[in-house]
Structures are given as structure tokens and as C-alpha cells.
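Enquirer: Sharing a model prediction with you, sequence too.
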Amino acid sequence: MGAVCEYYDEGLGSNITRSYILSLDERITSIKQEISKYELKIEKEETANTNGVNDQPKEDLQFMTNSKNGCFIEGNDGLHHYFGPGSVISFIHIASKMIGLKSSDETGPVSPEFDTLPRVKIPFDYSILSNDHCKVLISNYLTNIYPVYPLLSEDFFHFDLMVKNYPTKKLIFILEILLVSAAHIMRQRSDFVPIKMLLHEKVLSIVKNMVGDCDGDSLLALTYLAIYESLDPEVGKTIWKTLSFACNTAEKLHLTSLQNNCSLPGVTVKLVPKQRLLSVLYKMEISTSITLGRPPSFLLTRRQIEEYIHDTQLKNELLIEATLFTTLSSIYDNTTDCPILKLTSLPPTDPMVYVLSAQLLSHECSECNGQKETFVNNLILKSMELLEIENLSLKSYHAINYWSCLSNVSIATISLLICKKLWPQLIRDDTELNLSILLGQKLVSLLCSGWFQGWHVRNFIDLCVDACFPNATAKR
């Protein structure tokens, strides 16, 4: 009597009671039952509304107004995964209906792929990291990674010291930096692929032993791991889990409380300004949340940023991220107000806002009849602008955040394809539009080359191009 059945969970780093597990099982069962109700309702509506898609496109558009809140997609694991509005998967799901394309087992245009490469079983050996390799990787990190994610600077490195001789407290971070840089540079130099694979296994084994400490060093290690996962698409499917763990750690350490001036516990983390670490983590979390169409783990308000962030550049960067997400949230909220009227009433803004609102192409209501054409025109211009920006960025070097870049380019390209097919009367310069579509197709193909998980997105865009260019004038 009075005994409590519990066990120690290594992932959470604490004891878990049997009653807690049972309560979770009950909640999961309840949620599954609730989801099945909606899935059955959606299936009935799709059956009733998608018959004769090619013959009655307007009826299909009215049905897809109900898809404003994203979609559930069944993965290869048999589970249903939610992709909210603004995500490329949700947009592909809607675009396939708007253009009248049906998914197939070969192309799988609306079904995400969750398979990945098998892990390496070869023991890690520091001898694979020659001084020449390390110099190349550190130089690449300082030139291409650090300007985007300014965490540990040049002062952190001991250029005359072999990696295995780094102090114990610093070793994990030099390994993570080399891993991040190897994942970035391997697309141009294949000799870094085996180094990346072996480093990945070594880093994971060390980080797993660190996360239970819940200090600043473990938070910094998780942030670098998330940066790596954003660069390597074959493991990128876990980035939201890593970021969620990192954000939870940040909240426990009160990093998200901007008025808290206490330093973070740890050794290496003291080399990184506290608010800079928060900025990197926040930008990655917002970017990943938007890509998946899910709410972030934490959200900073404009008042918090303006009141407590004193570095002007840092403040502007955080305001851009916070404004982008809150704007999209207001557009895709569940109120009865017309989302297109909300969007067109906004002042001229970042092209990302319009591109990530492309799902509203399927929206139809009596209120927005006069503004729908304005929205389509603006979306065309903003999509073309975004593709040019991404093209210039990829010319200089490969994507830093793979999934975010692929998502942005894909949504912009699909938007132009839909506008070309359904609103041809609004196209001012058909030649310029066609060139932008072909540019988007080329960029998607570039991003997906050699990466299995991106093939479904690429295949769907190829199908769309074939449908919009029946004379096969579009060649990759």
C-alpha cells in the first residue's frame, strides 16, 4: 500500500509514474477518436465534391474553402500527420485538386516520405579529421554558416590544436561545428560525405548524454544539432523534435524571459551573447513552424522585443520573424472574416507573407469578389520576386536551411502554375511568367537532386508544369 509504480526515462531525465502513462494513453485514444470523426466527414465531402473535377472546377474551389486549416496526410508509417496552412504539403494537397491532378503511387505528390538513410555502424576515429580537413571546415563555417547563425565565433577555435585534444567542455562544440560545415560543403565536395556521416553518430552519442543536464551548454549543443538537421535533408525530419526540446530547455532556463538578466549556467555558452543565442533559436523555430504550418513552441511579442532587445540589428531581425508569424496567424485564423480582405488591407510587405498565403487561392466567398483579382496579381508579383531572391542566394552557395528554402521555392512555383492555369486573363507578361515557372522548377530540381525526401515535391511540380505546358515546352 502507498507504493508508486514508476521508472526513469532517459529522454526526459526524470521519473515517470505509471498513472501518468495511463493518462497519456487515455488522451491519445480520445484524440484519435476525435480525428477519425473529422477524417470520415472530410472523406464524405471529398467524395461528394471531387467527382468531375475537370468538368466543374468552380464547385471544387468552393469545397476547398474548407481546407483553410491545413490537412492530415497518411505517411508510410500508417500514422496521420498534420500539416497546417502555409506548409508546402498542405498547399500541394490543395493545388492537386485545383489543377485537377490526381496523386499516384509513383509520384506521391501529396504524400510525405518519412524514410531516411540507415545509420553508420563504423566506430568513430579522430584520425579521419586531418588538419587540412579541419581547416577547410572551420573556414567554411566562419564564411558561410556563422554570418547566418552567429553563435561561436573565430575566438573559440584553437587552430594549432588537434580536435581530439580540445578541452572536454569544448569538444562537443568543435565536433558539432565540423558536422554542420561538412553537411553544408559536402554538396560540392563528396569527399566530406563520410566525414559527415561519422561525425553525426559521434555527435548524437555525446548530445544524448548532455541533454539531461538542462544547462546553457546543453541548450547550445541542441541548437547546433538543429542547425545541422536544417542543412542535411536526410535527417531533417527530426528537426522539429530537436527544436522543441531546445525551446523547452530555453524556457526552463528562463532564456525566453527577456527581462531576466541572469547568465546561463554552463561553460562554453558564456562565449555566446545570451540574446544572440535566443535570436538564432527563435528564427529557426519560427522558420520550421511556418514550413510545417504549426504554432511555434514560444512566441515573442513586439512589445517584449522593442522593450528588452537593445541591439538594433538583433531587434530588427526578431521583429521580422515575429511579425511574419503573427500576420500569417491572423490571416489563417478561424474567424468568419474574409482572409483575402485581411491580406489586401495590409501595407506593402515582405514577399514571404503573400507567398505563404498562397493557399487562399482556393478561397471563395461573397466578400472578396472585388479583391480576389488584386490578391492574385500581388501573389504573382511576389512569387516571381521571391524566386529571383532565392536564385541569387543559391548561386552564391547552397541553401543554409534546406527545408525552408525548398518550401518557399515550391510554394512560389506552384502558385504561378495555378495562376497561369486558372487566371490566364490576369497575366500581364506570359513570357516573363513562363520564365519564372521554369526557374522555380529548376531550383526545386537543384534542391532535390540526390535527396530522396524531396522527390515527391519535385515530381508534383513536374506534373504541374506538364499540365500547364501541354506542348512540352518546359524542359528541366
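Expert: Ah, there it is.

Enquirer: Where does the residue sitting nearest the centre point of the chain fall, secondary structure wise?
Expert: For the chain, the residue nearest the mean C-alpha position is Thr288 (3.3 Å; Cα atoms, centre = their mean). Taking DSSP states H and E as the definition, Thr288 sits inside helix 274-292.

Enquirer: elements contacting that helix?
Expert: helix 216-231, helix 239-252, helix 312-331, helix 402-422 (3 or more Cβ pairs under 8 Å, 6 or more residues apart in numbering; DSSP states H and E). For glycine as for every other residue, the C-beta is placed from the backbone atoms N, C-alpha and C.

Enquirer: distance between stretch 165-183 and the chain's centre?
Expert: With Cα atoms, centre = their mean, to the nearest Å as the basis, stretch 165-183 stands 25 Å off its chain's centre.

Enquirer: which of the residues in it are buried?
Expert: Buried residues in stretch 165-183, counted by 16 or more other Cβ atoms under 10 Å: 166, 170-183.

Enquirer: State the mean pLDDT of that stretch.
Expert: Average pLDDT, stretch 165-183: 91.

Enquirer: Which of the buried residues of stretch 165-183 fall in strands?
Expert: Residues of those located in strands (DSSP state E): none.

Enquirer: Closest to Cys365 out of the residues you listed?
Expert: Of all these, Cys365 sits closest to Ala183, with 45.1 Å by Cβ to Cβ.

Enquirer: Would you agree that closest one is in contact with Pro233?
Expert: No - if you go by Cβ atoms under 8 Å, Ala183 and Pro233 don't touch, sitting 9.5 Å apart.

Enquirer: what's the least confident helix or strand in the protein, going by average pLDDT?
Expert: Every helix and strand of the chain was ranked by mean pLDDT, DSSP states H and E. The lowest is helix 57-64, at a mean of 33.

Enquirer: Residue ranges in the stretch 251-400 of the chain under the pLDDT threshold?
Expert: Where the stretch 251-400 of the chain drops to pLDDT under 70, the residues are 334-335, 348-349, 396-397.

Enquirer: ok, 80 please
Expert: 292-293, 332-336, 345-350, 368-370, 395-400 (pLDDT under 80).

Enquirer: What's the local residue count around Lys270?
Expert: 14 (other Cβ atoms under 10 Å).

Enquirer: Could you find the closest non-adjacent residue to it?
Expert: Ser263 (6.6 Å; Cβ to Cβ, 6 or more residues apart in numbering).

Enquirer: Am I right that that neighbour sits in a strand?
Expert: No - assignment of Ser263 by DSSP: H, G, I helix; E, B strand; the rest coil gives coil, placing it outside any strand.

Enquirer: Spit out the contact partners of it.
Expert: Gly216, Lys270, Lys274 (Cβ atoms under 8 Å, 6 or more residues apart in numbering).

Enquirer: For the first one, give its distance to Ile286.
Expert: It refers to Gly216. Separation of Gly216 from Ile286 (Cβ to Cβ, to the nearest Å): 22 Å.

Enquirer: Also the second one?
Expert: Lys270 is 26 Å from Ile286, where distance means Cβ to Cβ.

Enquirer: same check, this time on the last one
Expert: Counting by Cβ to Cβ, the separation of Lys274 from Ile286 is 19 Å.

Enquirer: what's the answer for Thr29, then?
Expert: Distance of Thr29 to Ile286, given as Cβ to Cβ: 32 Å.

Enquirer: the more surrounded of these two?
Expert: For the pair Thr29 and Ile286, the greater number of neighbours falls to Ile286 (23 against 10), based on other Cβ under 10 Å.

Enquirer: Leaving out sequence neighbours, find the closest residue to the more buried one.
Expert: With Cβ to Cβ, 6+ apart as the criterion, Ile286 has its nearest non-adjacent residue at 4.5 Å, and that residue is Glu321.

Enquirer: Next, the contact list for that neighbour, please.
Expert: By Cβ under 8 Å, 6+ apart, Glu321 lies in contact with Tyr282, Lys283, Ile286, Ser287.

Enquirer: quick one: low-confidence parts of the stretch 101-250 of the chain?
Expert: The model of the stretch 101-250 of the chain has pLDDT under 80 over residues 101-128, 159-161, 187, 211-213, 233-238.

Enquirer: Let me see the ranges of the helices in it.
Expert: 131-140, 168-185, 193-210, 216-231, 239-252 (DSSP state H, counting those that start in this stretch).
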